[in-house]
Structures are given as structure tokens and as C-alpha cells.
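**Q** here's my sequence, what's the structure:
(one chain, ligands or ions: 1)
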Amino acid sequence: MILTRPTIPNSPYPVFTHEARQNPHPLYKQMRREMPVAPILGPQSGFVFWVLTRYDDCTAALKHPQLGRDHLRLPEDLANKFGGKPTGVWAAINRHMLNLDPPDHTRLRGLVHKAFTPALIETMRSRTQFVADSLIARIQARGDQHFDLIDDYGFPLPITVIAELLGVPVSDQDDFRRWTKTLVFGTDETEMATAAFEFVMYINNLIEEKLARPQPDLLTNLLQAEEAGDKLDREELLSMIFLLLVAGHETTVNLIGNGMLALFNHPDQRAKLQAHPDLIRTAVEEMLRYEGPVDQAMWRIAMDSVSIAGVEIPQGDVVTISLYAGNRDPEVFENPDTFDITRDPNKHLGFGSGIHYCLGSPLARMEGAIAINTLLARLPQVQLVPGMNDRLEWSDSTLLRGLKSLEVMY
Ligand code: HEM
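**A** Residues are numbered from 1 along each chain as shown. I've put the predicted structure just below:
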């Protein structure tokens, strides 16, 4: 799974550069006005990326049956452009639902849907509260009244929850954090191959353990899940676990980090939420819209030539859908650059749309709400350290938008 994109300098709209990653909103606003379906040539990859910035175009593209994820559906010469058929350890990591189209996608999603029961998520509510309380207690015990909201709170909370849910020993979380980070953000091929190999070996051993001693967890459920007589094969299972682990923690950390940053920078909204914690439901939706964890959806490939807003996109070209740009489209959202925790309705694209709509959205909403309300209730004076806003460093990923650190005091 290649999640990072090449840097494309010298394009009229430098969306993939480090500078744009630090604040993509002004550029997206300009593109939405000037060229809402903008072709950008990737000099390193040679791909053409068609970047979409209007809400309606983004939604239409996410639902378009000819804009798919699985390049193996293309004629061979075009599929080879995307690296052809993955082999070896990559096959064991890439065959997950977010990389596939129907009917494989439908089958895999159906299987995990069965295992990911509402009852299982409900049991995680009290666990999530417990994890949030324990992390705050640990921060308070340090006594220096200063901490990193990402490393000390936003990151450990969802990784602990997804590890417990899956049945992956929490004590091994440093290892799988390292592997998933290398695989999602890495650029060195040898390092990535080593991480993939170690990850696959680790999960394979875990599967053997669960087969011998089934537990009330998602991994055991997945081993037992069956859809119309169909079970997950080993590669599909490994890929599924990889996807759930990555999607389950690399995103929610940014909901907590970006969401808290928005509150710090909008004291009136923060005061409102602290006075009325039950506003958390609409507040979380607004955080997902205003500065959510995902900027661009995974790229889509034109399986045939397709037309978007009257623009012909040739077969084999890549379509880049900016959820960020769609979420600030003034045609859909009144005062889109205003952060309003009571905004309702709020049909944001933070969890995507169409067949790949985020499977973990109920879990993510629950975690975000508990994390933010617990932090504000337990450390009501929490605020940014002086000068933090001038030192913010955002990740260079075009997919995941999050802060490297967020230093606060209380
Ligand atoms: C606030 C946190 C989260 C956000 C903003 C988020 C966002 C997204 C988005 C935008 C997509 C669609 C990507 C695309 O179409 O290219 C997606 C898909 C997915 N997400 Fe999430 N996600 C979050 C948390 C989670 C969690 C906690 C889990 C799992 C436990 C999860 C599991 C998944 C899965 C499995 C898919 C693929 C679904 C499919 O292909 O049918 N996500 N997510």
C-alpha cells in the first residue's frame, strides 16, 4: 500500500509540496475558484493527478463506479504503471478492502462488518474512558504541568483501544507503531520491506495463538467470520489487520490533536463546549470538517475514461479527491472557514463517502468525544504553551493531516 505521493515541484498548484502541507486551505480555495478539476503532472511518477476541490465533484468521484482502487482491473500495460501484481510480503499487506473494488471489496467489508459488532464497540466505551482517565492521571503524576498532547494523550489513546479491540497485546504496541509508521510514511524501500516482513511474521504468530486459544476479540471474530460460505484467506486476513491497525490509530490521534488545536484557537467555542459538554456530538463533526485527520482520500484510478464536471479523464489517470477542499466549499457550508461547534446539519466528507465510507466511524466518534471531553473536564485550564502556534509542524503526508507535536500546559 503506497500512501505517500511524490513531491511535485513547479506545478501551477503545488498541492504536494511541504509548504502546501503546512496550510493547504488557501491553495484549495484558489483551485476551487480557478480550476476545480486540475491536472497536475507528477514528474517523478509520470502520473497525471486530477485534483478535485469542489464538494459535489468530490462526492461524485467517491461514488463513481469507474473510479476504482484496484489497478489490476486495468489493461496490463496500464496496470504495470502502478507496479503490476504485488508479490511476496507486499501481497500480504495490500489485499485489504481499501485497495479493492467490488466484488472483492463487498465480500471483505461484509466479513469485517460481521466481526465489528456494535456490541463489541459498546464494550470499548468504558475501556476508552478508562484509558483516557489513566493517561490524564499519568500526566498529572509527572507534576510539571506541561505535556505533549500528541505523544502523551492523542496517540496512546486510540492505539491502546484498537490494540485491545483486535486482541493485539498492548505491550507490543511500540513494535507495531514502528512497523505501521515505516509502512505508511517510509521512503526507504529496504526499511519498508523489513517492516512489512516483521509485521507479517508477528501477526502470523498471533493468528496461530488465537486459533489455539480463541478470545472475545476482533481478530478471533475475523478468524471465525464467514460470508456466504466464504472465509478470509491468510493474505486477506493479514491485510485486514494491517488496515485496521493503521486506520484505527493514525487517524484518531489527529482528530484529538487537530480538534483540540481548533478549540485552543477559538476560545469562544471552547468556553461553549466546557459549559455544555453535551455539545460534543456536533463539536466532533465540526472538527472532522474544519481540520479533520484526512486531507486527500486514497487516490482513485480511472478504470475507463470518465467525465467529471465536463472534464474528460483518460483511462489509467489518477484522481485525487481533497476531502479538505470539499469540506470548505461555500456552495455547501455557510461561512466555511468559521469553526462553529454547533453547526448542524454538517454533511462533511471527513469519513469519505460511497462504498469506502469509513468503517470505523462509530468507534472514532466515540473515542474523539471521550478524549476531548475528558481532557477538558479533568484539566479545565489546559492551554497551548506560549509561541506554540508559531511552531506548529504538520506532517508532509497528503493523506493524513496531523501535528508532529502540540505542547500544552495546565
Ligand atoms: C477520526 C478518525 C478517522 C477518520 C477521519 C477516518 C477517515 C476515513 C476515510 C476518509 C476513509 C475513506 C478513505 C477513502 O475513501 O479513500 C476511511 C476508510 C476506512 N476507515 Fe477510517 N477513519 C477514522 C478512524 C477509523 C478507525 C478508528 C477505524 C478502525 C477501526 C477505521 C477503519 C477504516 C476502514 C477499515 C476503512 C476502509 C473502508 C473500506 O474500504 O470500505 N477508521 N476512514
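**Q** state the distance from residue 240 to residue 52.
**A** 28 Å (C-beta to C-beta, to the nearest Å). Where you see a C-beta, it was placed from the backbone N, CA and C, and this is true even at glycine.
**Q** same thing with residue 154?
**A** On the measure of C-beta to C-beta, residue 154 and residue 52 end up 29 Å apart.
**Q** looking at residue 240 and residue 52, which is more packed in?
**A** residue 52 (32 against 26; other C-beta atoms under 10 Å).
**Q** what bridges to that one?
**A** Note on residue 52: beta-bridge partners by DSSP bridges are residue 37, residue 321.
**Q** who's in contact with it?
**A** Counting by C-beta atoms under 8 Å, 6 or more residues apart in numbering, residue 52 makes contact with 36-37, 58, 61, 308, 319-322, 325-326.
**Q** got the buried residues for stretch 249-267?
**A** 249-264, 266 (16 or more other C-beta atoms under 10 Å).
**Q** please list the members of those residues that lie in strands.
**A** Assigned to strands by DSSP state E, none of the buried residues of stretch 249-267 qualify.
**Q** please list which of those are also close to the ligand.
**A** Restricting the buried residues of stretch 249-267 to those near the ligand by C-beta under 6 Å from any ligand atom leaves 251-252, 255.
**Q** just these: which are in helices?
**A** Using DSSP state H, the members of those that fall within helices are 252, 255.
**Q** now, which of the ones next to the ligand among the buried residues of stretch 249-267 sits nearest residue 347?
**A** residue 255 (17.7 Å; C-beta to C-beta).
**Q** quick one: that closest one from residue 406, how far?
**A** Taking C-beta to C-beta, one finds residue 255 at 13 Å from residue 406.
**Q** please enumerate the strands of the stretch 201-350 of the chain.
**A** 300-302, 306-308, 311-313, 318-321 (DSSP state E, counting those that start in this stretch).
**Q** also the stretch 1-150 of the chain?
**A** Counting by DSSP E, counting those that start in this stretch, the strands of the stretch 1-150 of the chain are 37-41, 48-52, 67-68, 146-148.
**Q** who touches the first one?
**A** Think strand 37-41. Under C-beta under 8 Å, 6+ apart, the answer for strand 37-41 is 8, 11-13, 15-16, 31, 47-53, 57, 308-309, 311, 313.
**Q** does the ligand sit close to stretch 104-115?
**A** Yes: for stretch 104-115 and the ligand, the contact criterion (C-beta under 6 Å from any ligand atom) is met by residue 109.
**Q** run through the residues of the stretch 1-150 of the chain sitting next to the ligand.
**A** Counting by C-beta under 6 Å from any ligand atom, the stretch 1-150 of the chain sits next to the ligand at 97-98, 109.
**Q** most surrounded residue in the residues you listed?
**A** residue 97 (23 neighbours).
**Q** against residue 237, how distant is the nearest residue to it once chain neighbours are set aside?
**A** Closest residue to residue 97 apart from its sequence neighbours, by C-beta to C-beta, 6 or more residues apart in numbering: residue 108 at 4.2 Å. Residue 108 sits 10 Å away from residue 237, going by C-beta to C-beta.
**Q** cool, residue 223 as well?
**A** Taking C-beta to C-beta, one finds residue 223 at 7 Å from residue 237.
**Q** same question, residue 353
**A** Taking C-beta to C-beta, one finds residue 353 at 27 Å from residue 237.
**Q** and if you look at residue 83?
**A** Taking C-beta to C-beta, one finds residue 83 at 23 Å from residue 237.
**Q** so which of these two has more stuff around it?
**A** residue 237 (23 against 12).
**Q** ok, and the closest non-adjacent residue to that one?
**A** residue 222 (6.2 Å).
**Q** I'd assumed residue 115 was in contact with the one you found.
**A** Yes: shown here, residue 222 and residue 115 form a contact pair, counting by C-beta atoms under 8 Å, at 4.8 Å.
**Q** ok, the spatially most central residue of the chain - contacts?
**A** The chain has residue 251 as the residue nearest its centroid, 4.0 Å off, counting by C-alpha atoms, centre = their mean. Shown in contact with residue 251 (C-beta under 8 Å, 6+ apart): 158, 293-294, 360, 364, 400.
**Q** just residue 384 next, same as before
**A** By C-beta under 8 Å, 6+ apart, the neighbours of residue 384 are 261, 264, 406-409.
**Q** in CSV: those, plus distance to residue 386 and pLDDT.
**A** Shown next, in CSV, are the contacts of residue 384 (distance: C-beta to C-beta, whole Å; pLDDT from 0 to 100):
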residue, distance to residue 386, pLDDT
261, 15, 98
264, 12, 98
406, 14, 98
407, 10, 98
408, 11, 98
409, 9, 98
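**Q** which one of the residues you listed is nearest the ligand?
**A** residue 261 (14.5 Å; C-beta to the nearest ligand atom).
**Q** excluding its backbone neighbours, what's nearest that closest one?
**A** In space, residue 261 is closest to residue 406, 6.3 Å off (C-beta to C-beta, 6+ apart).
**Q** residues contacting the closest residue to residue 115 other than its chain neighbours?
**A** Spatial nearest neighbour of residue 115, chain neighbours left out: residue 221 (3.5 Å); criterion: C-beta to C-beta, 6+ apart. Going by C-beta under 8 Å, 6+ apart, residue 221 touches 114-117, 120.
**Q** now, of the residues you listed, which are buried?
**A** Neighbour counting by 16+ other C-beta under 10 Å classes 115-116 among the contacts of residue 221 as buried.
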